[in-house]
Structure formats: C-alpha cells, structure tokens
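Novice: could you look at this predicted model? Sequence included:
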Amino acid sequence: EDKVVQSPLSLVVHEGDTVTLNCSYEVTNFRSLLWYKQEKKAPTFLFMLTSSGIEKKSGRLSSILDKKELFSILNITATQTGDSAIYLCAGVRGSTLGRLYFGRGTQLTVWP
Amino acid sequence: GAVVSQHPSWVICKSGTSVKIECRSLDFQATTMFWYRQFPKQSLMLMATSNEGSKATYEQGVEKDKFLINHASLTLSTLTVTSAHPEDSSFYICSARPGTSGSNEQFFGPGTRLTVL
C-alpha cells in the first residue's frame, strides 16, 4: 500500500529559527516527490524532486530527495511569520495519470 | 501561468439538494484533473481522477453515483455532489495536470467550501 508519512505533525518556532520538515514515502513505481505550502486555501507548489541528492532552492527554502532511504526534507532558514502554514509532501507514482499520494502535512507556526 | 479556478468558492445548501462545482484550467490544457476533499486538520484525500473524454477513475470507498464527475473539455471538469447530506460538508479542491508529456506537476484550484445544512 502506497503511503507518505510526514513528521513532525506540528512545529512551533520563533522568527529567525531554522526548521527541517521530514517526509518518508513508500510509493509504487515512484517517479517524483512534490512539496506544497497550504495556507487558508489550496496548496501552492514549492518543489518537485526527481533526482536523488540534488538540492532545490528557492529563497530561504530548500529541499532534497534521498531515493535510497526513501525520504525528503524541506528546510526553511530564518523563518518568518509568513511561513506559518501546513506543508504537504506528495509522492508521485510513475504512470501517465501522475496520481499524488499526500502525507498528513506538518503544521508550522512561527511566532514573532 | 498555470492558473486553476474553481467555482463557487463556497456554497451552502439544504440536505437532499445537488451541488455542482466547476474546475477550470485558465491558461493551459489539462488532460487530467483530480478531485480531492479535505477535512479540518487533515490532508488531501484523492476522490477521483478525471480524464477528458472518458469516465473518471474513483478511489476506493468513493461512491461514483454520489460524486458525479464530468470532464467535458480540456479546460473544464465538474464535480456534482448529488443528494448532499451534512456529512458531505467539506473542502473540495481540484488540481489540473498540464498536458505536456512527462510532467508530474499539478496546479491546484482555490477550493470550494461546501456546507450542507
């Protein structure tokens, strides 16, 4: 059975802290892993990771995939209150349909 | 680019009525669209995969007669919740996958909050 597990489920930090969010996956015929940020409405795309060991970076956010150990991490440095959100990771099965398997998400709260 | 819209953004209806939710890809063609529902503090649960011009593929446990999906064009998919009941109240989100080969990226609509009284 395909599954994606995220940890921690919730995290509270102060502005300026660095956080690491974890995502482990077991997805049949795995193709790639996606990270999304969800605030009040629908998720917004952050990263798509397909190759192992190659870091993707966007501002203060970065992410990397380890296909041997079947996990990914999302790092956020110098956190700001605007980073408060649910962060979702999803594994993509290798098929033409591209079905996503979502984890439960990590609720990140950044206090000023 | 890659904008997906949903209409309505929220709807309140009486128990027993049917509600139609539209999902449109505004600036790209989407051969595949996905419908999710999300309960408070829970993750997105895939309900069905919608392919243009063919029948939708439903996930296990999702009633196809209850949640009717129509993907009539490359930019529009609709989800109709038939004979809605209070337990159908949820946040419904669609996503669309661009028709380019090999692309796994999906773009999400803003969601529709359904409340059934």
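Specialist: Sure thing, it's come through.

Novice: and A:Leu65, what is it in contact with?
Specialist: A:33, A:49-54, A:71-72 (CB atoms under 8 Å, 6 or more residues apart in numbering or on different chains). From N, CA and C alone the C-beta is placed, and that goes for glycine too.

Novice: beta partners for it?
Specialist: A:Ser72 (DSSP bridges).

Novice: helices or strands up against the worst-scoring helix or strand of chain A on mean pLDDT?
Specialist: Lowest on mean pLDDT, DSSP states H and E among the helices and strands of chain A sits strand A:100-102, with a mean of 87. Counting contacts by 3 or more CB pairs under 8 Å, 6 or more residues apart in numbering or on different chains; DSSP states H and E, strand A:100-102 packs against strand A:3-7, strand A:85-93, strand B:45-51.

Novice: just to revisit the earlier point, from the contacts of A:Leu65, which single one is nearest chain B?
Specialist: A:Thr50 (7.9 Å; CB to the nearest CB).

Novice: how close does the closest one sit to A:Leu33?
Specialist: Using CB to CB, to the nearest Å, A:Thr50 is found at 8 Å from A:Leu33.

Novice: so which of these two has more stuff around it?
Specialist: Taking other CB atoms under 10 Å in any protein chain shown, A:Thr50 and A:Leu33 do not tie; A:Leu33 has more neighbours (26 against 16).

Novice: count the neighbours of the closest residue to A:Glu1 other than its chain neighbours for me.
Specialist: In this structure, A:Glu1 finds its nearest non-sequential neighbour in A:Glu26, 7.9 Å apart by CB to CB, 6 or more residues apart in numbering or on different chains. By other CB under 10 Å, the residues close to A:Glu26 number 13.

Novice: mind listing what A:Glu26 touches?
Specialist: By CB under 8 Å, 6+ apart, the neighbours of A:Glu26 are A:1-4, A:70.

Novice: please name the bridge partners of it.
Specialist: Going by DSSP bridges, A:Glu26 forms beta bridges with A:Lys3.

Novice: could you check how far it is from B:Met47?
Specialist: If you go by CB to CB, the gap between A:Glu26 and B:Met47 works out to 22 Å.

Novice: do the same with A:Lys67
Specialist: Counting by CB to CB, the gap from A:Lys67 to B:Met47 is 29 Å.

Novice: more neighbours: the two, which one.
Specialist: Just comparing A:Lys67 and B:Met47: by other CB under 10 Å the higher neighbour count belongs to B:Met47, 24 against 16.

Novice: look at the more buried one and report its pLDDT.
Specialist: Each residue has a pLDDT score; the one for B:Met47 is 93.

Novice: quick check: A:Gly82 is in a helix.
Specialist: Yes: A:Gly82: assigned to a helix according to DSSP: H, G, I helix; E, B strand; the rest coil.

Novice: which residue is the nearest non-sequential neighbour of it?
Specialist: Spatial nearest neighbour of A:Gly82, chain neighbours left out: A:Val110 (7.8 Å); criterion: CB to CB, 6+ apart.
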